[in-house]
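Novice: Give me coordinates for this.
(chains A and B)
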Amino acid sequence: KAGVTQTPRYLIKTRGQQVTLSCSPISGHRSVSWYQQTPGQGLQFLFEYFSETQRNKGNFPGRFSGRQFSNSRSEMNVSTLELGDSALYLCASSLYGSGTEAFFGQGTRLTVV
Amino acid sequence: QKEVEQNSGPLSVPEGAIASLNCTYSDRGSQSFFWYRQYSGKSPELIMSIYSNGDKEDGRFTAQLNKASQYVSLLIRDSQPSDSATYLCAVKGALTSYDKVIFGPGTSLSVIP
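Specialist: Just a heads-up that it's a prediction; the model follows:
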């Protein structure tokens, strides 16, 4: 059974640009959650999507957005990149959503220069 | 008060010993609790979930939950050098059924051969 797949694995972007990250959950899983991980802040929740609907959102500015498609694949977009957006972005897939066992992808390492 | 707290460590134990990792949380109504292991440069990997008071054992790992005291712990018996990693405690809030999962800052464990 394939795991959670995130693409790309690494990205280097310039301040002011925008970026789109992709996450394909485990087959059959309808929930995808996104997290930002930095050495100083740890794992911070961005948002959760379940069956194409955003169910929850963390305390991030509106530059961070996401969506989920009918096949449960999810994308996260960050506009007007700032240096502080450099982080490891992780997505986690679960069968029933928040509060049930979630499995992480390998992450996308974003560097903003 | 932070929502999920863990000792940052590093916690050092000799090979073969029991490693004890602790986590406290602030939301008294929380119902779902998870332990993840994260090796350096890798994504978090689910070790255990626990939902009811008491102990839950899986191989060398035992999770303990005490909702009255608002803490959850992870015991690792017969610790091995391969257990050296950061251990993340995650708690699902109870405000709504769609509440987000909050991660603690993690405890770094080092098992000394």
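
Novice: Point out the residues in chain B that sit beside chain A.
Specialist: B:31-32, B:34, B:36, B:42-46, B:49, B:88, B:92, B:97-106 (CB under 8 Å from any CB of the partner chain). For every residue, glycine as well, the C-beta is placed using N, CA and C.

Novice: Now do the worst-scoring helix or strand of chain A on mean pLDDT: everything it contacts.
Specialist: When each helix and strand of chain A is scored by mean pLDDT, DSSP states H and E, strand A:53-57 comes last, with a mean of 90. Strand A:53-57 has contacts (CB atoms under 8 Å, 6 or more residues apart in numbering or on different chains) with A:31, A:45-49, A:66, A:68, A:97-98, B:98-100.

Novice: Out of the residues of chain B next to chain A, which end up buried?
Specialist: Neighbour-count burial (16 or more other CB atoms under 10 Å in any protein chain shown) applied to the residues of chain B next to chain A gives B:32, B:34, B:36, B:43-44, B:46, B:49, B:88, B:92, B:99-106.

Novice: end-to-end on stretch A:97-111?
Specialist: 29 Å (CA to CA, to the nearest Å).

Novice: ok, it near chain B or not?
Specialist: Yes - judged by CB under 8 Å from any CB, stretch A:97-111 and chain B are in contact via A:Gly97, A:Ser98, A:Gly99, A:Thr100, A:Glu101, A:Ala102, A:Phe103, A:Phe104, A:Gly105, A:Gln106, A:Gly107.

Novice: Could I get the average pLDDT for stretch A:92-101?
Specialist: Average pLDDT, stretch A:92-101: 85.

Novice: Show residues contacting that stretch.
Specialist: By CB under 8 Å, 6+ apart, stretch A:92-101 touches A:4, A:23, A:25-26, A:28-35, A:48, A:50, A:55-56, A:72, A:102-105, B:31-32, B:34, B:46, B:49, B:92, B:97-101.

Novice: and if we set it to 7 Å?
Specialist: Residues external to stretch A:92-101 that are found in contact with it (CB atoms under 7 Å, 6 or more residues apart in numbering or on different chains): A:4, A:25-26, A:28-29, A:31-33, A:35, A:48, A:50, A:55-56, A:102-104, B:31-32, B:46, B:49, B:92, B:98-101.

Novice: Close to chain B: what parts of chain A are there?
Specialist: Where chain A comes near chain B, counting by CB under 7 Å from any CB of the partner chain, the residues are A:42-43, A:45, A:48, A:55-56, A:58, A:90, A:98-99, A:101-107.

Novice: Swap in 6 Å and give it another go.
Specialist: Proximity of chain A to chain B (CB under 6 Å from any CB of the partner chain) is limited to residues A:Gly42, A:Leu43, A:Phe45, A:Arg55, A:Asn56, A:Leu90, A:Ser98, A:Gly99, A:Glu101, A:Phe104, A:Gln106, A:Gly107.

Novice: picking up where we left off before, select only the buried ones of the contacts of strand A:53-57 in ChimeraX?
Specialist: Listed next is the ChimeraX selection for buried residues among the contacts of strand A:53-57, using 16+ other CB under 10 Å:
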select /A:31,45,46,47,48,49,66,68,97,98 /B:99,100
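
Novice: Identify the residue with the minimum pLDDT among the contacts of strand A:53-57.
Specialist: Here the lowest pLDDT out of the contacts of strand A:53-57 sits on B:Tyr98, with 58.
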